[in-house]
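Asker: Whatever this is, show me its structure:
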Amino acid sequence: MRPTLTPLLIAILLALGSGAASAEGHINWITISGSINPASSDHIQRAVAQSEDDGAVAVLIELDTPGGLLTATKDIIQSILNAEVPVIVFVAPRGAWAASAGTFITMAAHKAAMAPGTSIGAAHPVGIGGGGGGGGGGESEEDGKKGEGKRDFSAEKAENFTASFIESIAKERNRNVEWAVKAVRESVAVTQDEALELGVIDLVAGDRKELLAALDGQEVEVNGRTITLALANAELREIEWTTVNRFLNVLASPDVAVMLMMAGMLLLYVEFSNPGLILPGVAGGVSLILGMIALQILPFSWFGLLLLVGGVAFFVAEVFVTSYGLLTAAGVACFLVGGSMVFDLPEVSDLNVSFWSVLVPSVIGMAAFAALVVFALGRSFRRPQVAGVDDLIGTRGSSTTALAPNGTVFVRGEYWHARSAEPIAEGDRIEVLAVEGMELRVRRAPPS
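Answerer: Numbers count the residues shown, from 1 in each chain. So this is what the prediction gives:
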């Protein structure tokens, strides 16, 4: 019997051993640092789907965001709420934010945690001037009556929708509903300790290891099933960003989009003004294409975009029209107003162009370039023509119109304005006597 039982016992022991090893499982984790946009949304949804497919015991999202698009946030929330695997959101590292859209994502998690020195909240949809409308705190009854006809219904609609959205999330996860609504309506924000005390998050952890140790053995409700988290000995596997999502994540920035559009239009203007340079035209075309891709990712205002195009038109017009700087000033104004408005859509986004750090320096740079072009052209127009003068004198050509005394001649493959002291018929041979600015002084060519 021993020879028969020994292989059987070995097989049983190997099966038990492999079962114990697989029981530890693995945790898929990702890092979201920056705005919430379609690229980061796709990264989170892909991580959740992959974790469901490969049998991960949990998904860990390390979050640090100032906010982003409400449409992208909605897709993330939907993915988390319908996930078949526990989703843990950890606001980290120290000094990280879970602002605006980040608040929604953190509260939607099965388990929410924050590192020391972090904050959460300020989820009010942002409008012109950073307010977004709505509250009207501190307004007297008389002022309220005066301003009743000036209500910003778009911002009010955005506030009501986002408030109800975060309220439903908080109820689903048994978190502090009252605070969640205040985070939207009053833009309140709290530290990690206050968030824990208020029931916004589940725990505070110094790092990833401490977080997993604290959550190990806790129970979570996942789509109607109670799951006990086994995280202490689980293997951590990072899900890397795809190349496409990484690229789109860079483009999905209002600052990058505006700079690409402005640079593209400026470089194309340089190419059109100096045909044959090639490099400015290619670089401008690539910049405009990338800018248009960014505009496909980000919701934008056509009015703001048209103001940006109008700013370029004013700069170009300054080169050809003597306006004593008025057209340049109009171009600067169009760029500042258009750049501020192009992504100002509070009903779908709280992203905006950085006014002082990006928009103002870009506009100053373009204005300086336009001034340099005007100055250079002015100097070239005032400078007497010297190149090619000696070479043209004595050159022969033909008159394309009658000269009596002014007309047009064809010399060395080019048409010139010309003047003659004697009448010259159309088609007669002529000889250049002098070059006076952009006009030739000619005579009838003597017989050869």
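
Asker: shaky segments in the chain?
Answerer: Counting by pLDDT under 70, the ranges of the chain that qualify are 1-24, 126-154, 273, 319, 322, 344-355, 357, 370-371, 373-390.

Asker: Outline the domain layout of it.
Answerer: 18-138+149-242, 253-382, 389-444 (automatic domain parsing).

Asker: Make CSV from those and add mean neighbour count to it.
Answerer: Every residue, glycine included, has its C-beta placed from N, CA and C. Below are these laid out as CSV (neighbours: other CB atoms under 10 Å):
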stretch, mean neighbour count
domain 18-138+149-242, 19
domain 253-382, 17
domain 389-444, 15
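
Asker: which residues touch Val332?
Answerer: The contact partners of Val332, by CB atoms under 8 Å, 6 or more residues apart in numbering, come to 311, 363, 367.

Asker: Specify the local secondary structure of it.
Answerer: Here Val332 is helix, with the state taken from DSSP: H, G, I helix; E, B strand; the rest coil.

Asker: So it versus Gly325, what's the distance?
Answerer: Counting by CB to CB, to the nearest Å, the separation of Val332 from Gly325 is 10 Å.

Asker: now swap in Ser399 and tell me
Answerer: Relative to Gly325, and taking CB to CB, Ser399 is found at 43 Å.

Asker: repeat for Glu318
Answerer: From Glu318 to Gly325 the distance is 8 Å (CB to CB).

Asker: Could you do Ser301 as well?
Answerer: Per CB to CB, Ser301 is found 28 Å from Gly325.

Asker: With Ala92 instead?
Answerer: According to CB to CB, Ala92 and Gly325 sit 51 Å apart.

Asker: now the helices for the stretch 251-400 of the chain?
Answerer: Taking DSSP state H, counting those that start in this stretch as the test, the helices found in the stretch 251-400 of the chain are 254-273, 279-297, 302-320, 326-341, 360-382, 389-392.

Asker: Give the helix, strand or coil label for Glu194.
Answerer: With three-state DSSP as the basis, Glu194 sits in helix.

Asker: how close does it sit to Ser119?
Answerer: The gap separating Glu194 from Ser119 is 9 Å, by CB to CB.

Asker: Tell me the secondary structure of Ile32, please.
Answerer: Three-state assignment for Ile32 (three-state DSSP): strand.

Asker: out of the helices of the stretch 251-400 of the chain, which comes closest to Thr73?
Answerer: Among those, the nearest to Thr73 by CB to CB is helix 279-297 (14.5 Å).

Asker: counting contacts, what elements does the closest one pack onto?
Answerer: In terms of contacts (3 or more CB pairs under 8 Å, 6 or more residues apart in numbering; DSSP states H and E), helix 279-297 is packed against helix 243-251, helix 254-273.

Asker: what about that helix, distance to the chain center?
Answerer: Averaging C-alpha positions (CA atoms, centre = their mean, to the nearest Å) puts helix 279-297 13 Å from its chain's average.

Asker: Bridged to the nearest residue to Glu238 once chain neighbours are set aside, which residues?
Answerer: Spatial nearest neighbour of Glu238, chain neighbours left out: Trp29 (5.7 Å); criterion: CB to CB, 6 or more residues apart in numbering. Trp29 has these beta-bridge partners by DSSP bridges: Leu60, Glu238.

Asker: With the one 4 residues further on instead?
Answerer: Following DSSP bridges, Ser33 is listed with bridge partners Asp64.

Asker: Setting aside sequence neighbours, what's the nearest residue to the spatially most central residue of the chain?
Answerer: In the chain, the centroid-proximal residue (CA atoms, centre = their mean) is Ser253; its distance is 1.7 Å. Using CB to CB, 6+ apart and skipping residues adjacent in sequence, the residue nearest Ser253 is Ser35, 6.6 Å away.

Asker: measure the one you found to Val220 for me?
Answerer: 28 Å.

Asker: same thing with Ala232?
Answerer: As judged by CB to CB, Ala232 and Val220 stand 15 Å apart.

Asker: Val409 now?
Answerer: In terms of CB to CB, Val409 sits 89 Å off from Val220.

Asker: If anything else comes up later, I'll come back, but that's it for now.
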